[in-house]
Structure formats: C-alpha cells, structure tokens
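# sequence and predicted structure are below.
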Amino acid sequence: MVPENIRIKFHKKGRLIYISHLDLCRTVCPAMIRAKIPLWYTEGFNPHPKMVFAQPLPLFVESRCELLDIKITEPTPCEEIAKRLRQALTDDLYVEEVYPAKAKFQEIEYAKYTVCGDESFADVACGVFDSEHLTVEKKGKSGTVSTDILPQIKSVQRTGEKEFECVLSASASSYLNPMLFCKAIAEKAGIQDGEPDVRIIRTGWQKKDMSEFR
Amino acid sequence: MELEKILKKVSKPGRYTGGEYGQIIKDKEKISARVAFCFPDSYEIGMSNLGMRVLYHSLNLMPDVWCERAFSPLPDMENEMRANGIPLYALETFDSVKDFDFMAITLQYELCYTNALNLIDLAGLPLRASERDESFPLVIGGGPCTYNAEPLCEFFDAFSIGEGEEALCEMVRLYIDMKKSGRYSKKEYLRELSHINGFYVPSLYEVEYGSDGAVSAYRPLYPDVPEKVVKRIIGNMDKAPYPDKFVMPYIETVHDRITEEVYRGCIRGCRFCQAGMVYRPVREKSPDTVNDQIKCLYENTGYEEASLLSLSVSDYSELSLLTEKLLSWTDEKKVNLSLPSLRADTFSKELMERISHVRQSGLTFAPEAGTPRLRDAINKNVTEEEILSACRLAFEGGKNSVKLYFMLGLPTETEQDLAGIAALAKTVVDEYYKCEKRVKGKNVQVTVSCACFIPKPFTAFQWDAQDSIESLTEKQNYVRGLITDKRIKFNYHDARASRVEAALARGDRKMSKVLIEARKLGMSFDSWDEHFSYEKWEKAFAQAGLDMGFYANRAIPADAVLPWDMIDIGVTKAFLKREYDKSRKSEPTPNCKEKCSGCGANRLGGVTKWCPKISE
Ligand code: SF4
C-alpha cells in the first residue's frame, strides 16, 4: 500500500514550554509506538519513521497549532489515531485533530501569535507601525548586526487590555522569532535588560493570501 | 510565579519541570503518607537509575502512599532557587519536599554525599537528624553506600539496608499505622522501625574509639535493638515488583531505553568488588519473566532499545533460551538489544552470532590486572587466551576497537604486573594484525583505561591500604611510559578523587564533621570532574581535624572492629578473611557455578540459583 500522509495538530503548553524542539522530536517517536500507529519507516541502513514538523517552536512559547506530518502504512481512521495518541501523551501535548495532509508546509507564509503581557507593553506593541523601523541587534559569528524586523511584522492588533495578536513572517525564507519580536518591543518600552515577562501563544498559520493554512 | 521566571534563566529547564508521560499522579485526599524519592545527582543521571524506577513503582503500588521524585539541581538552578527562596520541590506536584512525610535519599556512590547533604539543606531541613523534630520529614537513606553509612549517620534518621522493594513499603506502613492509632512520635517510630529487618537506626547505637582513633566497639543502646542489622533481599525475583511502565523523560538522559534486570548477585568473587559481595546470593528471573517484562515495557514506553542489566549478564544460566525468546519478536518490532558487561571468558562464538544483528556499544573487557598472577590474586579469573579469543571473534565480526579496563594499586601488585598492562595491550594490537578474517584497511584502536584501587567495605580487600597519591601517579606514569604504540590510547582516573572516595567508603561516624565542613564550603557534584576540588576536600578534613590518610591509606589489622561491623550482608567476615589470605598466595577461588565456597550468603534464603540449601 502507498503510505498515506497524515497531519497531526497538537498543543504544546504547560510544562512542555520548557522542552526544546529537539527534545520534542525525541519524545514523539516512542509515543507513536505506544499508540501503535502503523508508522511508515524509511528504508535503508538505519530505518526510522518519517516525521516532519511544520516549524520548530521556540522555547517558552506555547502553541495551539503545532503540525506534524507522518506516513502510515495501514488505513486507520483519523479519529482513531487522535484517540490513541491522546492516551499516549500527556495533556500538555494535547492532540486536537488528525486529518489527511493536503496543503504543503512550504505554503506557510505567516504565523499568528497571541501575546499577553501588561498594558504598557501592549501599547508599545500596537504602536509599532508608528515608527519606520524596529531594529534588533543579533549576535552572529562576525559580531553584532542590526536588522530591521519591521518588514517581517504583518499586523498587530489589540485583543484585550493586556493582550494583542500579531502576525509574523514564518516562511522558509523569512522567519521572525516571536521571542525576538517581544524583546524588541520590551527594549522600545524601556524594560530593563530587555527580558519581557510575557506569555506567547502560537494560534494559527496563514498562507500568502492570508487564508488559513491547515 | 517565581519558579516560572527562573526556569527561563537556567540551562535545560526540562530537568526541573516533571510532567512526563508515565509519572504517577494521585489524589492527595486519599493519601496517608507522601514520600519524596531524592536522587543526589542530576535529573539525567537519576532518571536512568533502575533502582529508582523500581522503588518509585513499588511504593506507588500502595494506594494510600504517593511517591514523587526530586533530583539535585545544577549549580545555576541551585543559585536561583536559593536567591528566590524556592526550596527543593518534588517534580510531580511542585510541592515542597519539606512538607512530605519521608525524604528518601538514594546513595549510589560516595562522591554524592555532598549532594545528599545539599538536598537536605535545600529542602529547608536542619542537616542533623537530632535537630529535626516531628514537623520535618523523616530522612531515610538507601542504596549501595548504606553498607557503610557511618559517615552519614548524623544526617539520616534511618537507613534501609539491602533491597528496598518490600522494606520501604513496610517502613511507610508502620508510619501510617502509628499515625492512625495515635502512637506516633519520631522517637517511638524509629525504635519500632529498628525491629523491622533491614533497618539501621544509627541513633540507637553508640560507638567507642580506641586511643588510635579507630572504632573499638559499638553497641545498641537498648536490648530490643538488634546488635546486627541483616540486609534485606527479595526472595523470589519472579514475584518481585517490576515497573510495567517508565516515567518518560522529555530531555535526553544517560540511558533512554528499556533496562531489564535479569538477575541479582554475582557468581564471581572479585576480591576488590563490593557489588559482587553485597548483592549475593544470586537470584535469577526466569527467561519468561524477563521476556514478558521487556515486552510489556516496550508497549508502554515505545523505546526501541532494550538493555539487559546485571553484574555479568553472560553468567545468566539461561542466556541462550532468553535471547531466543527475545529475538523471536524484537527483530520484527525493530527493537535493539544490548548486552553490556559481557565477560571475555563467556564471549562465545555462538553468543556473538546471536547478538550480531544486535547493536553493540563497542567492545570492552576488564582484565583489571596485567598478569595472570595478579589476576589470580584479585580472583578475576580470566586468562589472556580468553581475552584474545574474544578479541579475535570481535575482529572477525568487523570491530576494530577494544577497550581494556585495569586497576592500579591493587594489593600485592608488583612492577611486573604494571608492565603486564602495557604488554597485554600490545598483544591485543598484534592479535588484530594476525587475524586473517579482519576487515582489512583499518587500523586497530586499543584503549587502556586505568582506575585506582579503592578498598571498599565488605570486600576481601577491605583491610588493605590504598596507595598514596604519589605512588599512584608514579604508576600511571610508569605504565604510560611503557606504551609506545600509537594505536594504544592510555586513560587514567584522578588519583585524588579515588583517595577521597576511599576515605569516605571506609569512614566512621567522625567523618560527619568533614561532611559538615564540606557543606560549609559549598561543595557539591563531586562526582563530576569539573566540580571536584581536592583542595576543598583537604580543607574540609583539616577543619574537621581528621586525617584523610588514616581512612584511605592505613592497613586495618585483621582483628580490628570495623566501622561497618553492625551490618550483616550475608557474606561472612570469616569468608572475606579467607579470601584475603588466599589473595596473598595468589590463589583463585572457583565461582559459585563451579563450586560453592561457603560465603554465607545462602543464610539469607530466597530462591537462589547456585547456593546449597542450608539445613535448619
Ligand atoms: S553460598 Fe556458595 S553458592 Fe551461594 S553465593 Fe555464597 S559461595 Fe556462592
């Protein structure tokens, strides 16, 4: 049988925000075995199950829309896969939905985040387009470079007193880390040492035409 | 919350967050006693420890008891915790260990003593047991180091001696019963605990010292307190509780795989080896039990690697049958088997073939000594021909690297024995090039790794002196100088750390002063090379007014009272003495399979594999 492409949408929250992407990858593999998912293994010298994540999630960021593609070798109802995975994982990695993978991850252009901080932080964030630039210093191999990240910010919208939603570039060629964005806002807001005390939640994905990616 | 903030500042915060799949969560309302099982080393090391997994499982089998986990925070986390007033907490609930009924600390190696004390301190408890009243948890020690727990006596309320699966449950049960009936006071409880087999309550014994400063006598303070504490063993390994699932760490730990204990004890009687004595008698699990447990763990963990664990796996009496059973399903499920601790003399072609489609972590042998004479003296009964034939098999199987483990400073060692180490390594190199069926075009790589001999309690060499640091260093240089072949790599252990280890291993109650000083100096993680500081240890000993050499480098007279004499491990002192005498004559002792040499461990009973039954 031709292996079937299956997409798993899951949350990463609670204690899991302290777990790196690399460790998450290591965690998922045994969970698939526990859940008896009929995984398709790559052929060759060191066979391993084929698993592809849409995008790594930075440390300390929560998500309600992580996507993971797997290939399965036996037809299994999506609802059944979801049910078994929920049993094989903790609630901090809650499997929301399982469905056939149609759209390609390359079509992802933007990621949407909800940021909860304090009022003044939200004020500064929502006024970000009042300036012409938002520069950040990035430490690289060849010293520090300043980059203007404003072009990578698609929109910022107030959603509550202390809360806003932002849409940031998240394609292979242009990716803005939400932590970096919040750091830049914190510096602008004059927060000491630039470490914002915020909660960041990735909530969804968008294509180039701003339609939802799933 | 403060904790959330500091977790964002420290390295690998996943060490401190728990919440793993497989952790045990209970309803606090239905719990009568809470145990914080503390491992005095990092999360990565502790989570790989089988003993901790087994005891976590055993304790949590009791519906009214909840056992949680805690580990030593690394220095960056410790600093943040102290700066923010966060005491040691358990990973399941984040509840402070101070509010638990028991703080159970496992003592796996001497150099973790500073971490053990640090854990007690971080939990917010006074270090000394005598300064802790009813409001604090009872601090219980367990694990291999408790066979001589004297250096830690002041800090622990009691020690569980021997295997803990049943003993710890009885300990908690007594506590619950006394609490429920209103009979409980810490004092009364500890007194009653001392009546349960396998519990050593140090405050119920007094120790006397002679004019030379050595222990001259010890006695229980009350007639109902046993004069000797007999270690506990599990009678029937097929019926012993074994975890059906593991807590699955999110972060990478030392061993992320299924570990399955195949048997306990060891038929070999290496005269320097404490494990070989204290885990006797040999009790095996049946191949069916092992196979079923691994299968169950595979389904519940999803790990694709299983490792058979025991002191010397190839001595398992039914290894062929077991591998057959395992290979009947592991291949298909893509589960890799690994068999560490294979012995050269049992490394047969048949075994090699069976595990050839099993991933193996490089080839290691532990001849321990360089000449047949010294190998006989330490009772490491492996011949050069056995080592070479095992190497040959491995070379034919495509391997080109071998690791050889040795010990320097063994009793009766001569210059010739040291030269033998270099010679043996060279012979292995030559063997490679003699081997026609080797994979051509590659060079061989032989690694010689030399540890320092440490006299340990409950071994035939417990009376022997450790070499001085100068002498050990000289020997290291000597052996290194003899190794001229580029294909031989030479590694050795820090003689200074071995000296501290020896002093702690043979320590008495006075040693607690040193540990208090060590705590004052802020020492921790001494088993990590980057944190170990010999200068600090010297300072701690000096400030305590004790001489490290007295404990490490003194030969103890055969008729002396030993600090650990109140513990009975089954193996008798008379047997150890016989072994000592034989070692001076370089006389080997047959292993238990060949012939029982009357070590005394069979007195403990249980379903043993090789021991003669004792007549009542
Ligand atoms: S009693 Fe005999 S067979 Fe049993 S462990 Fe001791 S020496 Fe070996």
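It's in.
# wait, what's in contact with residue B:174?
Applying CB atoms under 8 Å, 6 or more residues apart in numbering or on different chains to residue B:174 gives the contacts B:189, B:192, B:193, B:196. Bear in mind the C-beta positions are built from the backbone N, C-alpha and C, glycine included.
# could you give the mean pLDDT of the helix or strand hosting it?
Using DSSP states H and E, residue B:174 sits in helix B:164-180. Averaged across helix B:164-180, pLDDT comes to 98.
# tilt between the next helix or strand along the chain from that helix and helix B:164-180?
Heading C-terminal from helix B:164-180, the first helix or strand you meet, by DSSP H and E, is helix B:186-193. Between helix B:186-193 and helix B:164-180, the angle comes out at 140 degrees (axes from the mean of the first three to the mean of the last three CA atoms, to 10 degrees).
# list the buried residues in helix B:186-193.
B:189, B:190, B:191, B:192, B:193 (16 or more other CB atoms under 10 Å in any protein chain shown).
# again with stretch A:130-141
By 16+ other CB under 10 Å, the buried positions in stretch A:130-141 come out as A:134, A:136.
# just name the shakiest helix or strand of chain A by mean pLDDT.
Lowest by mean pLDDT, DSSP states H and E among the helices and strands of chain A is strand A:135-140, with a mean of 81.
# tell me the strands beside it, with direction?
Sheet pairing of strand A:135-140 (DSSP bridges) gives strand A:143-148 (antiparallel).
# what comes up buried for the partner strand?
Using 16+ other CB under 10 Å as the test for burial, strand A:143-148 gives residue A:147.
# mind listing what's buried along the helix or strand following it?
Counting by DSSP H and E, the next helix or strand C-terminal to strand A:143-148 is strand A:153-160. For strand A:153-160, burial by neighbour count (16+ other CB under 10 Å) applies to A:153, A:154, A:156.
# now do the same contact list for residue A:11.
Contacts of residue A:11 by CB under 8 Å, 6+ apart are A:62, A:63, A:64, A:66, A:92, A:93, A:94, A:96.
# cool, and residue A:20?
By CB under 8 Å, 6+ apart, the residues touching residue A:20 are A:59, B:14, B:251.
# if we go to 7 Å?
The contact partners of residue A:20, by CB atoms under 7 Å, 6 or more residues apart in numbering or on different chains, come to residue A:59.
# could the contacts of residue B:174 go into a markdown table alongside pLDDT and distance to the ligand?
Output for the contacts of residue B:174, formatted as a markdown table (pLDDT from 0 to 100; distance: CB to the nearest ligand atom, whole Å):
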| residue | pLDDT | distance to the ligand |
| --- | --- | --- |
| B:189 | 98 | 35 |
| B:192 | 98 | 32 |
| B:193 | 98 | 29 |
| B:196 | 98 | 25 |
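# flag every buried residue along the longest helix belonging to chain B.
In chain B, taking DSSP state H as the definition, the longest helix is helix B:415-434. Neighbour-count burial for helix B:415-434, counted by 16+ other CB under 10 Å, picks out B:417-418, B:420-429, B:431-432.
# same check, this time on stretch B:17-35
Going by 16+ other CB under 10 Å, stretch B:17-35 has these buried residues: B:17, B:18, B:19, B:20, B:21, B:23, B:24, B:26, B:32, B:33, B:34, B:35.
# what about it, start to end distance?
End-to-end distance for stretch B:17-35, by CA to CA, to the nearest Å: 18 Å.
# what does stretch B:12-24 give?
Its first and final residues considered, stretch B:12-24 spans 23 Å by CA to CA.
# what comes into contact with it?
If you take CB under 7 Å, 6+ apart as the criterion, stretch B:12-24 is touched by A:14-15, A:18-19, A:23, A:89-90, A:92, B:7, B:42-43, B:60, B:73, B:77, B:91-92, B:245-251.
# if we go to 6 Å?
Residues from elsewhere that reach stretch B:12-24 (CB atoms under 6 Å, 6 or more residues apart in numbering or on different chains): A:15, A:18-19, A:90, B:7, B:43, B:60, B:91-92, B:245-251.
# the ligand next: which of those residues are close?
Applying CB under 6 Å from any ligand atom to those, one finds that nothing falls near the ligand.
# what's residue B:521 in contact with, if anything?
Residue B:521 is in contact with residue B:536, counting by CB under 6 Å, 6+ apart.
# let's see that with 10 Å instead.
Residue B:521 makes contact with B:114, B:533, B:535, B:536, B:537, B:539, B:540, B:543, according to CB atoms under 10 Å, 6 or more residues apart in numbering or on different chains.
# and of the residues you listed, the nearest to chain A?
Distance ranking of these against chain A, using CB to the nearest CB, places residue B:114 first at 27.1 Å.
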